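> Structure, please.
(one chain, ligands or ions: 1)
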Amino acid sequence: MRLFLRHIFLSAAGKLAGPSPGIHILNGHILAREGGDPAVFRRLLNSLVPECRLIRIEEAVDRITKGNFPDEPCVAFTFDDGFEEHYTGIAPVLEEFGINAAFFILPGFIGGDETYRDHLHRSVFRKDGFLTIPKAPMSWARVNELHRRGHVIGSHGMHHRPLTGLSPEALAVELDESAEAIRRETGIITDWFAFPFGRLDGISQPVIDVAKRRYHCLFSQDDYRHYFSFGNQVINRRHFEPFWPVSHVRFFLRGERG
Ligand SMILES: [Zn+2]
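Numbering: from 1, shown residues only. Reported below is the predicted structural model:
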């Protein structure tokens, strides 16, 4: 009975409180821990459309950086790590809804051999049960194709390393050489960077100072209550995954931002 009443209460609360007005940037990674059906992402977007305006990521960033916040809830998307399913499953669904996303990619992952990818999987992607089986990266040709179709390509570092505590040379590999690799392989000049792991306690002002020499926009995946961290230098994104229950995503979108 108690569970039943709780369910009724939560259902009522969910109906009463819709997404909060302003700009929401949702950052995801995968369609599922194993495999992945684009239908789960389509279902999520279908459930958001009655309550939110889905917008292109450039509009979201432009409005946030100019303080031009709408009275209605607007949602834009980014995806980190550059998995193949971003091309095969996620981008096509975004395009069905008339929007794009920013895809933050890892040149080391794309160019890495089997041993390299296995190491990255074990040391980064498998942690915390995020991925149970390895997933392949997008090829450079597919990165190029996404860009041609109107998506934004950004850097997520070269090797997905934490950036604090690196030598200046190693930091330059993550920040400068990753952007240079994207330019060399695709011709795309990017000035957007999403910090690997996304946590604000893994970012420091000296790292931001170096990053700002190369990139115009920096993104975390932390402190979603605030649009910015480190003054107005880092734009905060809200973590989600396309396979999460719709109610979870709606719950996070109800939070006030400022
Ligand atoms: Zn990542």
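> Which per-residue confidence value corresponds to Phe130?
The confidence metric pLDDT takes the value 84 at Phe130.
> Distance check, Leu166 against the ion.
As defined by C-beta to the ion, to the nearest Å, Leu166 lies at a distance of 16 Å from the ion. All C-beta spots, glycine's among them, are computed from the backbone N, C-alpha and C.
> how about the nearest residue to that residue, chain neighbours excluded?
Closest residue to Leu166 in three dimensions, ignoring its sequence neighbours and counting by C-beta to C-beta, 6 or more residues apart in numbering: Glu174, at 6.9 Å.
> and the one you found, that's in a helix?
Yes - with DSSP: H, G, I helix; E, B strand; the rest coil as the criterion, Glu174 is assigned to a helix.
> Val173: neighbour count?
Here the number of neighbours of Val173 (other C-beta atoms under 10 Å) works out to 19.
> From Leu31, how far off is it?
Here Val173 is placed at a distance of 30 Å from Leu31 (C-beta to C-beta, to the nearest Å).
> any idea how far the ion is from the residue nearest to Leu166?
12 Å.
> just checking, that residue touches Met158?
Yes - the criterion here is C-beta atoms under 8 Å, and Glu174 meets it with Met158 at 5.2 Å.
> show me where pLDDT drops low in the chain?
Confidence mapping of the chain against pLDDT under 70 gives the ranges 1-16, 128.
> for the ion, what are the nearby residues on it?
Proximity of the chain to the ion (C-beta under 5 Å from the ion) is limited to residues Asp80, Asp81.
> how about the strands in the chain?
22-28, 53-54, 73-80, 101-105, 152-155, 192-194, 217-220, 228-229, 234-236, 238-239 (DSSP state E).
> circling back to that earlier point, higher neighbour count, Glu174 and Met158?
Per other C-beta under 10 Å, whichever of Glu174 and Met158 has more neighbours is Glu174, with 27 against 23.
> who touches that one in this structure?
When contacts are counted by C-beta atoms under 8 Å, 6 or more residues apart in numbering, Glu174 is found next to Gly157, Met158, His159, Arg161, Leu163, Leu166, Pro196.
> same thing but 7 Å
By C-beta atoms under 7 Å, 6 or more residues apart in numbering, Glu174 lies in contact with Gly157, Met158, His159, Arg161, Leu163, Leu166.
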